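[1] My questions are about this predicted structure, shown below with the sequence.
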Amino acid sequence: MEGNEAVAWGAVASGCRFFAGYPITPATTIFNTMLKLLPPLGGVCLQGEDEIASMGYCLGASMGGMKVMTATSGPGISLYSEHISFAIGSEIPIVIVDVQRLGPSTGSATRGADGDIQFLRWGNSAGLPVIVLAPVDVGDCYFLTVNAFNLAEEFRCPVFIASNKEIAMTRENVDLDAIDLPEIYQRPGPPDGKPFMPFEAPSDNSAPYFLPIGGDVIVRQTSSTHGADGYITTDSAEIARIQDRLGNKLHSAVKRFSFHEFYPEEEADTLVLTYGITARAARDVYREKKHSGKPVSLLIQKTLWPVPEALIREKAEHVQRVVVAEMNLGQYVREIQRILPDKTVDFLGRMDGRLISPQQIMEAIDHA
Amino acid sequence: MHSLLNADRPPVFCPGCSHDRITRALDRALLDMGLKGEDLVIVSDIGCSGLFDTFFNTHAFHGLHGRALTYATGLKMARPELNVIVTMGDGGLGIGGAHVLSACRRNLDVTLLVLNNFNFGMTGGQFSATTPDTARVGSGFLNQLERPLDVCRVATSAGAAYAQRCSSYAKNLSKEIESAVRFEGFSILDIWGICPGRYTKRNRLTPQIIEESLAQMPSVKAPIPENQREEYGRHYRNLASELRPVPPPKKIEAQFDPPERQRKDVMILGSAGQRIITAGEILCLAGLFAGLQTTQKNEYNITVLRGPSITEVIFSPDKIGYTGIRRPDVVLALSREGVARRKAVFDSLDNTALVIQAPGVAVPSCKAKIHTADFKSQKIKSDDWALAALAVLAKMNRVVHTEMLTAALKFRFKNKILASSLELVERVKID
């Protein structure tokens, strides 16, 4: 199957029963697959009149208590932006798949890139953090989608799958049953005995308890700056507390979901750091280098945001140099430079619709 | 209970604002219907209509400008038993125009109350989609250049099953609202009103003028007979109930040994209509029947019926890393435009590589062994060349063999297509 199909199967395995999307290459086959899978299970799959509507449907259904997902590509993420901000600020769980294609703008519909990596992080109107997971292959599309739903449920926030045409539309054999899935998580309801406050969280590092709109207890949802009761507030102390919590709930927990693969080599003085489709070429390079007697270590990040800083520092501890390879003109490398100011950080990028080849990575390692 | 209004948060509209009347009429309508706060959700838009949800003790959802109908749609599909009422101004109607049209076409059981006061009250009285071109508003002369739209006429032509217009000052306003909410399907009520904070500062508008203006509008009588049909949610669930669940993806167990147990890269260069992508899929399945790891990467133009179509298949006994092809072991050259798109690849071929060349498809000079397939004299049509070329490959015992290919076809196809493809594989000759 292709990566997009694996995302859809992962969503269904997570209990997702609502999908809305607008057709766009290379994400359309997620919609196609969800349309086959959901209605016979009593779920809902809708084609929105545009991307804004698709996101709006999802946010409504999520507040109705359903697990929801949407999928698009760069041009659609642009249109999702107002609703991404809404989902962040008003803590509405949703999984958003961005099957990246070559941009900017309409760009090239059938060519891959990892050009949205900073856009996903910063494409909201408050600069608040989001979770972004990046699959490497079809198996990851399944595994990370299930995890994305768990994270969306736990932290009540948008969780992105940063896929790429080259994963999404490349077919590959995969044994889904062999993939070890986490336990499926549901957003918890409030404890008994207290009047329900829709934005009252059990701690400064967690999401509020959830009750659905349409249940027996009246629930308020609002995109306006609100207090714990869901009404507009002008109390700056309360506003600050909620804004801080929106960041803290993710930053304090990222260690628990820092998905990655690490291939350490004791003698290596270079760490290759990469993510997404480029990781596949990097794995080939790692093997070749190991056999050639000039080993490098390899870190493949599958959690991109929040930046798993502790993980990166730990894995880079014993090398002098880090080579960051990504299918764009230099985006995530900025984070690595920020986190590792004492190391030499070299960059290899490409933004022409072609994959970064093992040979290119090899040259980047050798020609420092 | 005598009111669903929120005692802690009384309405705070400007004195004389007709939204205040609508708030009370909506409350009356909900009470007359016997609804409780948990039976309904008020989805409010942006602007003064966006305050409505806070005045009621009901479920509430307040979102972005013009998008209220999108949340309402998601909520209603998730919770069919919930009454969903949207309050939106003439501003939201304009910016969310696409959503209004879709809601009319879809006929999901949602009620849209348009609080139409002919301007953007909250931002300074700018013109909206319903501002008369003679009005004096906060957008200078710009409204003189645009025509106001008739909400009911637009809704009716977009398929709204229920459309009605009325005055905020109508004695039967609560009954008008109740009738719209009770309607099973999408209902839109265009309620004309007065914005004292902005609009009537520079324009004369009274309840009587509204009444007279309404009388001059083309008549509309809800429900709209020609637009009556099944409610969307019910219809959706009926159609869905006839669908059968999709079985989980099938597994393929290895049944054969492959001809070669090392990484093999195959590139199929063809054109749209030659079933190149399907051939790549068949080849992958054949690989799985020999216990190999496989990937398939495709390239084709957005115009799916024209232009080159290219598929790249990798076989490997080990997990496949890089999915690009560095140096193909086999190239199936099936069309000129396919070859032209990947001209450079031929330079990389060494003397162990094999090129299968279809009739009339010139290939650049290269070191590979060229096998010219005589599909013409075997009367094989161009749309079968991809499968025929796989059959040639199988008969040469390169990368794939006939048992693998046959197993793949039996897995992928049924009935007539299976029979004809098996027959094609059998009759393909390699010399």
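    Nice, thanks for sending it over.

[2] just for the chain, where's the confidence low?
    No chain was given, so I picked chain A. A:368 (pLDDT under 70).

[3] Chain B, not that one
    Applying pLDDT under 70 to chain B flags residues B:1.

[4] how does it divide into domains?
    B:18-241, B:264-427 (automatic domain parsing).

[5] so B:Lys429 makes contact with B:Gln378?
    Yes: counting by Cβ atoms under 8 Å, B:Lys429 does reach B:Gln378; the two are 6.3 Å apart. Bear in mind the C-beta positions are built from the backbone N, C-alpha and C, glycine included.

[6] Let me see the ranges of the helices in the stretch 201-350 of chain A.
    A:236-251, A:278-292, A:309-315, A:333-339 (DSSP state H, counting those that start in this stretch).

[7] Grab the most central residue of chain B for me.
    Geometric centre of chain B, nearest residue: B:Ser102, 12.0 Å, by Cα atoms, centre = their mean.

[8] ok now do that residue, which residues does it touch?
    B:Ser102 is in contact with A:49, A:53, B:69, counting by Cβ atoms under 8 Å, 6 or more residues apart in numbering or on different chains.

[9] Could you say whether it sits in a helix, a strand or coil?
    For B:Ser102, the assignment made with DSSP: H, G, I helix; E, B strand; the rest coil gives helix.

[10] So which of the contacts of B:Ser102 sit within strands?
    Among these, DSSP state E puts none in strands.

[11] still on that earlier bit, any idea which of the helices of the stretch 201-350 of chain A gets closest to B:Leu243?
    Nearest of the helices of the stretch 201-350 of chain A to B:Leu243, taken as Cβ to Cβ: helix A:278-292 at 36.3 Å.

[12] who's in contact with the closest one?
    Here helix A:278-292 has contacts from A:114, A:136-137, A:261, A:263, A:265, A:272, A:274, A:295-298, A:300, A:325-327, A:355-358, A:360-362, A:365, B:320-324, using Cβ under 8 Å, 6+ apart.

[13] Buried only: go through those residues for me.
    The neighbour count (16 or more other Cβ atoms under 10 Å in any protein chain shown) marks A:114, A:136-137, A:263, A:265, A:272, A:274, A:295-298, A:300, A:325-327, A:355-358, A:360-362, A:365, B:320-324 as buried among those.

[14] Just the ones in strands from those, please.
    If you go by DSSP E, the buried ones among the contacts of helix A:278-292 have A:263, A:272, A:274, A:297-298, A:300, A:325-326 in strands.

[15] Next, format the helices of the stretch 201-350 of chain A as a markdown table and append mean neighbour count.
    Converted to a markdown table, the helices of the stretch 201-350 of chain A look like this (neighbours: other Cβ atoms under 10 Å in any protein chain shown):
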| stretch | mean neighbour count |
| --- | --- |
| helix A:236-251 | 15 |
| helix A:278-292 | 21 |
| helix A:309-315 | 16 |
| helix A:333-339 | 17 |
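
[16] what's the neighbour count on the closest residue to B:Lys343 other than its chain neighbours?
    In space, and not counting its chain neighbours, B:Lys343 is closest to B:Pro364: 5.9 Å by Cβ to Cβ, 6 or more residues apart in numbering or on different chains. If you count neighbours by other Cβ atoms under 10 Å in any protein chain shown, B:Pro364 ends up with 15.

[17] Show the residue spans covered by the helices in the stretch 51-200 of chain A.
    A:51-63, A:74-89, A:117-122, A:138-155, A:165-168.

[18] check contacts around A:Asn4.
    A:Asn4 neighbours (Cβ under 8 Å, 6+ apart): A:26-27, A:29-30, A:33, A:71, A:99, A:141, A:163, A:168-169.

[19] ok, 6 Å please
    By Cβ atoms under 6 Å, 6 or more residues apart in numbering or on different chains, A:Asn4 lies in contact with A:29-30, A:168.

[20] what subset of those residues is also close to chain B?
    The subset of those within reach of chain B, by Cβ under 6 Å from any Cβ of the partner chain, is empty.

[21] chain center to stretch A:179-191, what's the gap?
    With Cα atoms, centre = their mean, to the nearest Å as the basis, stretch A:179-191 stands 18 Å off its chain's centre.

[22] Can I get that stretch in CSV, CA atoms only?
    Extracted in CSV, the C-alpha atoms of stretch A:179-191 (Å, rounded to 0.1, in the frame of the first residue of the first chain):
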residue,chain,number,x,y,z
ILE,A,179,3.6,-2.8,14.0
ASP,A,180,3.4,-2.4,17.8
LEU,A,181,0.7,0.1,18.4
PRO,A,182,0.2,2.1,21.7
GLU,A,183,-2.9,1.7,23.7
ILE,A,184,-5.7,3.9,22.3
TYR,A,185,-6.3,7.0,24.4
GLN,A,186,-9.5,9.0,24.8
ARG,A,187,-9.8,12.5,26.0
PRO,A,188,-10.9,12.2,29.6
GLY,A,189,-14.1,13.7,31.1
PRO,A,190,-14.1,15.7,34.3
PRO,A,191,-14.2,14.1,37.8
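
[23] Which residues belonging to it are considered buried?
    A:185, A:187, A:190.

[24] would you turn those residues into CSV with distance to chain B?
    Output for the buried residues of stretch A:179-191, formatted as CSV (distance: Cβ to the nearest Cβ, whole Å):
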residue, distance to chain B
A:Tyr185, 19
A:Arg187, 14
A:Pro190, 16
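
[25] mind listing what the most centrally placed residue in chain A touches?
    The centre of chain A sits closest to A:Val132, judged by Cα atoms, centre = their mean, with a distance of 2.4 Å. Each residue near A:Val132 by Cβ under 6 Å, 6+ apart is listed here: A:120, A:160, A:162, A:304-305.

[26] what does the stretch 51-200 of chain A put close to chain B?
    A:53, A:56-57, A:59-61, A:64, A:66, A:82, A:109, A:170-173.

[27] right, and B:Ile314 touches B:Lys297 too?
    No: judged on Cβ atoms under 6 Å, B:Ile314 makes no contact with B:Lys297 at a distance of 8.1 Å.

[28] For the helices of the stretch 201-350 of chain A, please prepare JSON lines with the additional fields distance to B:Leu173.
    Below are the helices of the stretch 201-350 of chain A laid out as JSON lines (distance: least, Cβ to Cβ, whole Å):
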{"stretch": "helix A:236-251", "distance to B:Leu173": "38"}
{"stretch": "helix A:278-292", "distance to B:Leu173": "62"}
{"stretch": "helix A:309-315", "distance to B:Leu173": "59"}
{"stretch": "helix A:333-339", "distance to B:Leu173": "58"}
